[in-house]
Each structure stands twice: as structure tokens, then as C-alpha cells.
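**Q** I'd like to go over a predicted model; first the sequence, then the structure.
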Amino acid sequence: MNKGSQKKGIPAWRRPFDALLSSRPVSAVLRHVMPALDKPLMRLSGGRFSSTRSMGLPTLLLTTTGRKTGEPRAAPLLYLRHGDDLALIGTSFGNTSHPAWYLNLMANPRATVLLDDKSFEVTAREASPEERPVLWQQATQVYGGFEKYLKRVGDREVPILVLSRLDSN
């Protein structure tokens, strides 16, 4: 993928922020600070506001069931639209281990999403081999930091999950 296509969807004003946010020292801090800040902000605003959303990044609040505790675990995450579904990229800020939300979804694929003042149930699945490159390209057009994270994850394959809304009927 050439660099021009990666930057195409990212507004010019945000590119320096993406570079700063995805730098190793800043992302190490943000990994702990942003969830602590964004979880209450998103709950209070019904999912309409978060620090990442204020920078033009699409953000949802995902609540999974803890695989060890059975307790609800909330995580503010960047997301992509994928037809009627949503997709999540498990870079974990470039860490070499999978994010907890991913491990929780692998143990129990049902979760709740809070997005745009709506809460709904979803089920998660791994993106198919055909979907992965399409979703990865889309992700890098939404947030330039994903490419930097990919270089830091080591040998692990970055999970890409698709969330399908469950009917309430």
C-alpha cells in the first residue's frame, strides 16, 4: 500500500496529531489515560463525546464480559463502518500482547456497544481473510497511527473483529 493512499482519508490538520498520538512514548501514556477519561465521558454523553471523537476519530464504547471475572469490562475503541456492521482493530496501541477486550470477545463473543446515544447488543467474529485487507486499508485511512502500531506489535497478528448487531426481536 503506498503512503498516499494511507493518508487519503485523514484530514490534513489531524495528521500531526496522529503522528504524535502514535509515537511510542505518547501511546504508552494514552493507553492508560484515554480509557480512564473516555469511559465516563462516553457514559455521561450517551456515547456522543470522547477525547478521541473530539479529534475527529470514530469512537464507541464496547462492554464485554471479562473472561476471568465474568464482570462487565468497558473499553472506548476506534471503529470502522463495515456495511451494516462495525469493525475493530486490535493493535492495543502497538503492544506485543492482544488487548483485553479482544481476549474477552474470543471467550464470549456477545457484547454491548454504546454509540451515538444508542446502546445495542452485538456478536463478534474474526474478519475473514477477504475482509482483512479491505478493513486494514480503511483503518489506516481513518487513523494514521495504525501503521506505526503494526510495526511495534512484534510477531502477533493484529486481530480485526467484525461486530454484528443482534436483533432485539
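**A** Thanks, I have it.
**Q** Could you tell me which strand of this structure is the longest one?
**A** Across the chain, the longest stretch assigned as strand under DSSP state E is strand 118-126.
**Q** Show me the contact partners of it.
**A** Residues outside strand 118-126 that contact it (C-beta atoms under 8 Å, 6 or more residues apart in numbering) are 46-47, 86, 88, 105, 109-113, 159-166, 168. Glycine gets a C-beta too; all of them are placed from N, C-alpha and C.
**Q** Tell me the buried residues in it?
**A** By 16 or more other C-beta atoms under 10 Å, the buried positions in strand 118-126 come out as 122, 124, 126.
**Q** Can you lay out those residues as a markdown table showing pLDDT and distance to Ala75?
**A** Listed next are these as a markdown table, based on pLDDT from 0 to 100; distance: C-beta to C-beta, whole Å:
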| residue | pLDDT | distance to Ala75 |
| --- | --- | --- |
| Val122 | 98 | 13 |
| Ala124 | 98 | 13 |
| Glu126 | 98 | 18 |
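**Q** Just put those in TSV and tack on distance to Leu62.
**A** Output for those, formatted as TSV (distance: C-beta to C-beta, whole Å):
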residue	distance to Leu62
Val122	8
Ala124	9
Glu126	16
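**Q** Can you show me the helices along the protein?
**A** Applying DSSP state H to the chain gives helices spanning 3-7, 15-21, 24-44, 100-107, 131-142, 145-152.
**Q** What is the distance between the third one and the centre of its chain?
**A** Centroid separation between helix 24-44 and its chain, computed with C-alpha atoms, centre = their mean, to the nearest Å, is 12 Å.
**Q** Check the fourth one too.
**A** When distances are taken as C-alpha atoms, centre = their mean, helix 100-107 is centred 13 Å away from the chain's centroid.
**Q** how far off strand 118-126 does that helix point, in degrees?
**A** For helix 100-107 against strand 118-126, the angle by axes from the mean of the first three to the mean of the last three C-alpha atoms, to 10 degrees is 70 degrees.
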